[in-house]
Structures are given as C-alpha cells and as structure tokens.
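Peer 1: A structural model of the following input is requested.
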Amino acid sequence: MFIRQIHYLLALAKTQHFGRAAEISHVSQPSLSTAILHLEEELGITIIKRGQRFQGFTEEGERILQWAQVLANNWESLKQTARQAQHQLTGTLRFGAIPTTLAVTPSITRPIQAECPGISINLVSLCAEELIRQLDQYELDLGLTYLDDPRLKGFNIQPLYRERHVLLALRPDHSLLKRELNWLEIAELPLCLLTPNMQNRRLIDGAFRDACIKPNIVLETDSIFALYSHVRSGLYSVVPHSMLNVAQYQPDIVAIPLYPALTREVGLIIRRQDMLSPIQDVAWRIAQTLELQQHFDKLMSAQIDNVMS
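Peer 2: Prediction:
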C-alpha cells in the first residue's frame, strides 16, 4: 500500500488536480484522496494544502515529494533487478533527446532492444533545460544532449560523437557543388532554420554573426523533421551532419560541409547516483560500445562524393 500511496502522490504532483491524478492512476478520486490522507496520518504531517480543489503542497509536503521521487525510482529499479535475476529483464527506459539528435536515437535504442527484447522505450523530444530537469527529478532515465552545457554538473556523461553542421539541400545548382561552402556563400539562399529559442539555432546565429552576415531566413520551426520536409520542397537548411542518418536514403538530397566548421560534442547524460537501475546500466554499457563518430563521418564522406559526382 505504501508504494501505491507514493505513486498517487507523484501523480498529483504531475497533474496538480485530484481528478486527473486519479484518472492516470486508474483509481477513483475518493480512493486516491483517502490513500494520501492515510499517508499523511502515517507520517504525522500535512502534505497537501486542502480546499475545494487542489491548492498545492505544504512546505513539508514539498520535501516529502522529493523523497517520494527517489522511492518510486528505487522501487522500479528493485523490480527490474528481480526480473534480471530471472533472466527476463523487462521495464521501460525513459529516454529524452534534444530535437536535433532525434535522428541519432535509433542507433542507440536498437542495440539496447536487440540485447534486451523485454525492454520497451519511451522516447520524448525535449529542450535541454526540460531534459535536465526531468532527469534530476527521476522522470527520465537517460538523456541525449550537448555536452558543453554548464548545467551538467552532477551528471555522468558519455561522449558519443562530435557533430558538424552542413548545408542540406536538394541537388543544387553547380555553383554550390563544392567540397565545402563558407557562410557567406549560403547567406542569400532561402533558409529554413530552427526557432531562435533552440540551442542549435543559437549556435548557427553565432556563426553568421562571426562572419558579419545576415542570413535570408524564410521559415522557422521547432521541428527538425519539418526542416527536412521543407528541404525536400526546395528550401535550404543548416543541420548537424547526424541528420544524414535520414538523408542517406534520399539520393536527391545533398549535404555540403560548411567552414569555418561549426562543431559540438553530443552524448548521453545520466543522473549521478550510487546505483543505476538494471535498465540504465544496460543502456549505459551498450552506449560505451557504439562507434557513432565513425558512422557519421562515413556518411559525410559518402555525401561529399555524392556532391562531386
């Protein structure tokens, strides 16, 4: 009963509403409210501010909530360990990735599920700030992001590859068919880029500023795959070369490296803790065996040959 109460409490924290918390917990609202009331009686403190509707947590309740997140995470790890002992590891890997790395994720998830077919994966696209917050609150198990973020203190990191930005286009006119392009050469092209609030876009804006260039941006979106779709319609975009994981299957798409090179290290992060859950441990171990840099560099070389052919 105690673990169930903990999960009810976390559901309430997530939804900020008794009815919705009961709904996602698959119980009636009175059952959820009674269970939390019993938890308060057992602990001897008031956790919830009560009124006609949910009014938040008390100061003591906020501290209890932090421990509830730890307990729920440890309980899930305990269950995974028991299943692993029976040689049937099951459970869900909660995996967050920043939008520009989504094309990379199959290179990580497929080896994990090949080794442990009983594992399911819940993959979500998040900005770096929200990804870090959810990892810190035990809402995610693993994150894929840029590793130069100063907010990563307290996280273990596993470098995977260094991305390099390229111009992505339908096979363009011959003036663009080069082994490399500089930023001035692409400034007048009709560009579609990510929105200014995203880390990748800020990096690209910085490259244009360094070159004292104002680019011709005709479309902005928060979706890397929307960028790809608009390239297919005739626009141009600046994207990480890891996007070649998708573009390699489209012979009419070319990727041309840009110089000065715009690079950034990408890798996995995980909350630093005494023990990893069995699923986290499997994912982390497999990630250390991946050779993504070599894979993406080969795709880049193939694309350069495609451009020049």
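Peer 1: what sits against the most centrally placed residue in the chain?
Peer 2: Nearest to the mean C-alpha position of the chain, counting by CA atoms, centre = their mean, stands Ala97 at 1.2 Å. Going by CB atoms under 8 Å, 6 or more residues apart in numbering, Ala97 touches 104-105, 123-126, 131, 143-145. No exception for glycine: its C-beta is placed from N, CA and C like everyone else's.
Peer 1: shaky segments in the stretch 51-200 of the chain?
Peer 2: Low-confidence segments of the stretch 51-200 of the chain (pLDDT under 70): 52, 82-87, 172-175.
Peer 1: please convert the contacts of Ala97 to a markdown table, extending it with secondary structure, distance to Ala226 and neighbour count.
Peer 2: Shown next, in a markdown table, are the contacts of Ala97 (DSSP: H, G, I helix; E, B strand; the rest coil; distance: CB to CB, whole Å; neighbours: other CB atoms under 10 Å):
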| residue | secondary structure | distance to Ala226 | neighbour count |
| --- | --- | --- | --- |
| Val104 | helix | 18 | 23 |
| Thr105 | coil | 17 | 16 |
| Leu123 | strand | 18 | 16 |
| Val124 | strand | 17 | 15 |
| Ser125 | strand | 12 | 18 |
| Leu126 | coil | 17 | 19 |
| Leu131 | helix | 20 | 23 |
| Gly143 | strand | 23 | 26 |
| Leu144 | strand | 20 | 24 |
| Thr145 | strand | 20 | 26 |
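Peer 1: let me have these in CSV, extended by distance to Ala35.
Peer 2: Shown next, in CSV, are these (distance: CB to CB, whole Å):
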residue, distance to Ala35
Val104, 41
Thr105, 37
Leu123, 31
Val124, 28
Ser125, 33
Leu126, 30
Leu131, 31
Gly143, 32
Leu144, 36
Thr145, 36
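Peer 1: nearest to Arg4, of these?
Peer 2: Nearest to Arg4 among the contacts of Ala97 is Val124, at 25.2 Å by CB to CB.
Peer 1: where's the nearest residue to that closest one once chain neighbours are set aside, which helix or strand?
Peer 2: Leaving out its chain neighbours, the residue that sits closest to Val124 by CB to CB, 6 or more residues apart in numbering is Gly96, at 5.3 Å. Assigned by DSSP states H and E, Gly96 falls within strand 91-97.
Peer 1: walk me through which strands that strand pairs with, and which way each runs.
Peer 2: Its sheet considered, strand 91-97 pairs with strand 119-125 (parallel), strand 142-146 (parallel) by DSSP bridges.
Peer 1: how about those strands in CSV, adding distance to Leu78?
Peer 2: Shown next, in CSV, are those (distance: least, CB to CB, whole Å):
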stretch, distance to Leu78
strand 119-125, 16
strand 142-146, 19
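Peer 1: out of those strands, nearest to His17?
Peer 2: Once the strands paired with strand 91-97 are compared by CB to CB, strand 119-125 is nearest, at 21.5 Å.
Peer 1: and the helix or strand hosting Ile204, C-alpha only, in PDB?
Peer 2: If you go by DSSP H and E, Ile204 is part of helix 199-210. In PDB, the C-alpha atoms belonging to helix 199-210 read as follows (Å, rounded to 0.1, in the frame of the first residue of the first chain):
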ATOM      1  CA  GLN A 199      20.300  25.800 -28.700                       C
ATOM      2  CA  ASN A 200      21.200  24.600 -32.300                       C
ATOM      3  CA  ARG A 201      19.800  27.800 -33.800                       C
ATOM      4  CA  ARG A 202      21.700  30.000 -31.300                       C
ATOM      5  CA  LEU A 203      24.900  28.200 -32.500                       C
ATOM      6  CA  ILE A 204      24.100  28.900 -36.100                       C
ATOM      7  CA  ASP A 205      23.200  32.500 -35.400                       C
ATOM      8  CA  GLY A 206      26.600  32.900 -33.800                       C
ATOM      9  CA  ALA A 207      28.400  31.500 -36.900                       C
ATOM     10  CA  PHE A 208      26.600  34.100 -39.100                       C
ATOM     11  CA  ARG A 209      27.400  36.900 -36.700                       C
ATOM     12  CA  ASP A 210      31.100  35.900 -36.600                       C
END
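Peer 1: packing partners for it?
Peer 2: Where contact means 3 or more CB pairs under 8 Å, 6 or more residues apart in numbering; DSSP states H and E, helix 199-210 is packed against strand 155-170, helix 183-186, strand 191-194.
Peer 1: what's in contact with the last one?
Peer 2: Contacts with strand 191-194, where a contact means CB under 8 Å, 6+ apart, come from 99-100, 200-201, 204, 215-222, 224, 226-227, 230-231, 235-238.
Peer 1: which of those residues are buried?
Peer 2: Among those, those classed as buried by neighbour count (16 or more other CB atoms under 10 Å) are 99-100, 200-201, 204, 215, 217, 220-221, 224, 227, 230-231, 235-238.
Peer 1: contact partners for Gly154?
Peer 2: 136, 271-272.
Peer 1: my bad, should have said Ile253
Peer 2: Ile253 touches 168-171, 231-232, 247, counting by CB under 8 Å, 6+ apart.
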